[in-house]
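**Student:** What shape does this take:
(one chain, ligands or ions: 2)
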Amino acid sequence: MAAVSAPTATTILPGPDSVIHLFDITVRRGPSVLLDAVRWNVDADQRWVILGPNGAGKTTLLQIAAAQLHPTSGRAHVLGARLGAVSLAEIRPLIGISSAALANRVPPMEKVLDVVVSAGYGVLGRWRERYDELDFDRANELLEAMGVAPLAARHYGTLSEGERKRVLAARALMTDPELLLLDEPAAGLDLGGREDLLRRLSTLADDPAAPATVLVTHHVEEIPTAFTHLLLLRQGRVVTAGPISQTLTADALSETFDMKLDLQTRDGRYFAHAKNS
Ligand SMILES: Nc1ncnc2c1ncn2[C@@H]1O[C@H](COP(=O)(O)OP(=O)(O)OP(=O)(O)O)[C@@H](O)[C@H]1O
Ligand SMILES: [Mg+2]
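**Tutor:** Ligands and ions are numbered 1, 2, ... in the order given. Next up is the predicted model:
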């Protein structure tokens with residue numbers, strides 16, 4: 001009888017540089033399988049894009065990476081901690097996240113500068129926490145880096161969609177996280193706003209001191225040039241994952257979106273459209 005090859009220890013356990021390590025994780029809700037046997041490793045110096053259609057499981061995957069959700073089965077390590085074995089409160093401050101769920105929870109009357117500075121306490125809605133000048137300096141710097149410094153004194157509820165995205169990206173960076181998770185940071189931005197944000201994210205990704213980063217999007221046009229790796233997700237399953245140069249092909253993209261797509265590359269950027277057949 002042929003020997004069945006068992007997974008080696010290195011595939012089951014995270015390596016020394018691993019920031020996210022998922023081994024055969026599954027997430028089920030009733031009869032629905034949201035994530036199905038996902039294996040994924042993110043090292044500290046990598047910048048990943050998760051790309052897939054609506055409902056593919058991208059946000060669910062990001063919730064696992066954010067230590068906000070436990071898998072139904074399988075092993076998940078985030079920042080060296082096994083989910084389920086440690087208090088998630090210990091690792092959450094090390095993770096910066098920007099998502100639609102978070103955006104909806106910000107009180108509309110919150111001042112923009114406070115939305116950013118309050119990340120230091122992991123709270124939304126500033127109350128009686130005490131911050132010092134250095135905290136406010138850092139928050140202002142991050143708003144500047146995201147191109148929204150003039151909005152610091154405005155109420156969050158008065159901002160446009162695109163302005164909110166930038167403020168939340170600044171907030172995600174406030175704690176100097178070891179892992180940065182951005183769920184559709186460019187959604188709702190106009191063309192100029194998108195290009196500007198992508199340039200800023202590219203500059204950040206290029207910085208060796210920047211945290212490991214995962215960006216979720218539906219569009220290859222939203223892959224910042226300095227990002228290194230890609231995971232294509234379809235119906236809860238990984239289509240392919242690895243360095244962008246090897247994984248982003250017209251065939252893999254067509255399989256992911258279940259339609260024949262053409263892919264073009266120019267100056268480190270990607271463009272996709274339906275194939276004229
Ligand atoms: N509690 C739940 N019960 C059943 N199905 C759920 C539950 N939560 C999420 N889902 C389903 O799981 C699938 C994956 O959801 P998820 O939000 O991860 O997708 P996504 O890839 O982020 O989609 P989008 O691009 O639209 O944001 C969706 O089909 C969603 O309807
Ligand atoms: Mg989503």
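**Student:** Please state the backbone phi and psi of Leu232?
**Tutor:** phi -100, psi 130 (degrees, to the nearest 10).
**Student:** what sits against it?
**Tutor:** By Cβ atoms under 8 Å, 6 or more residues apart in numbering, the contact set of Leu232 is Leu51, Gly52, Val238, Val239, Thr240, Ala241, Thr247, Ala252, Leu253, Glu255, Thr256. From N, CA and C alone the C-beta is placed, and that goes for glycine too.
**Student:** mind checking the end-to-end distance for stretch 73-90?
**Tutor:** Distance across stretch 73-90, first residue to last, is 22 Å (Cα to Cα, to the nearest Å).
**Student:** Of the contacts of Leu232, just say which sits nearest to ligand 1.
**Tutor:** Nearest to ligand 1 out of the contacts of Leu232 is Gly52 (Cβ to the nearest ligand atom; 5.6 Å).
**Student:** Which residue, other than its chain neighbours, is closest to the closest one?
**Tutor:** Leu233 (3.7 Å; Cβ to Cβ, 6 or more residues apart in numbering).
**Student:** neighbours around whatever residue of the chain ends up closest to ligand 2, how many?
**Tutor:** Here the chain gets closest to ligand 2 at one residue, Thr59, 3.2 Å apart by Cβ to the ion. Other residues near Thr59 come to 18 when the count uses other Cβ atoms under 10 Å.
**Student:** Check Pro177 too.
**Tutor:** Pro177, neighbours per other Cβ under 10 Å, totals 21.
**Student:** Quick check: the gap between it and Val78.
**Tutor:** 12 Å (Cβ to Cβ, to the nearest Å).
**Student:** Give the residues shared as contacts by the two.
**Tutor:** Ile95.
**Student:** For Ala145, state which of the contacts of Leu232 is nearest.
**Tutor:** Leu51 (25.0 Å; Cβ to Cβ).
**Student:** The closest one pairs with what?
**Tutor:** Counting by DSSP bridges, Leu51 forms beta bridges with Thr217, Leu232.
**Student:** and it, what is it in contact with?
**Tutor:** Lys58, Val216, Thr217, His218, His219, Val220, Ile223, Leu230, Leu231, Leu232, Leu233, Thr256.
**Student:** now those residues in a markdown table, with distance to ligand 1 and pLDDT?
**Tutor:** Putting the contacts of Leu51 into a markdown table (distance: Cβ to the nearest ligand atom, whole Å; pLDDT from 0 to 100) gives the following:
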| residue | distance to ligand 1 | pLDDT |
| --- | --- | --- |
| Lys58 | 3 | 98 |
| Val216 | 7 | 97 |
| Thr217 | 9 | 97 |
| His218 | 6 | 95 |
| His219 | 11 | 96 |
| Val220 | 14 | 97 |
| Ile223 | 16 | 97 |
| Leu230 | 15 | 98 |
| Leu231 | 12 | 98 |
| Leu232 | 12 | 98 |
| Leu233 | 7 | 98 |
| Thr256 | 11 | 98 |
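**Student:** And the strands in this structure?
**Tutor:** Residue ranges of the strands in the chain, as given by DSSP state E, are 18-29, 32-43, 47-51, 73-78, 81-82, 95-98, 179-183, 212-217, 229-234, 237-243, 261-266, 269-274.
**Student:** These: lowest mean pLDDT?
**Tutor:** Per-stretch mean pLDDT for the strands of the chain is lowest at strand 81-82 (a mean of 90).
**Student:** Pairing partners for that one, with directions?
**Tutor:** By DSSP bridges, strand 81-82 pairs with strand 73-78 (antiparallel).
**Student:** contacts for the partner strand?
**Tutor:** Residues from elsewhere that reach strand 73-78, judged by Cβ under 8 Å, 6+ apart: 12-14, 18-26, 37-38, 64-67, 70, 82-84, 91, 95, 179.
**Student:** Now list the buried members of those residues.
**Tutor:** 14, 18-25, 38, 64-67, 83, 91, 95, 179 (16 or more other Cβ atoms under 10 Å).
**Student:** Pull the number of nearby residues for Asp267.
**Tutor:** Neighbours of Asp267 using other Cβ under 10 Å come to 5.
**Student:** for it, phi and psi?
**Tutor:** The phi and psi values for Asp267, taken as degrees, to the nearest 10, are phi 50, psi 40.
**Student:** Apart from its chain neighbours, what residue comes closest to it?
**Tutor:** Leaving aside its chain neighbours, Asp267 sits nearest to Thr225 (7.5 Å; criterion: Cβ to Cβ, 6+ apart).
**Student:** Nice, that's everything, thank you.
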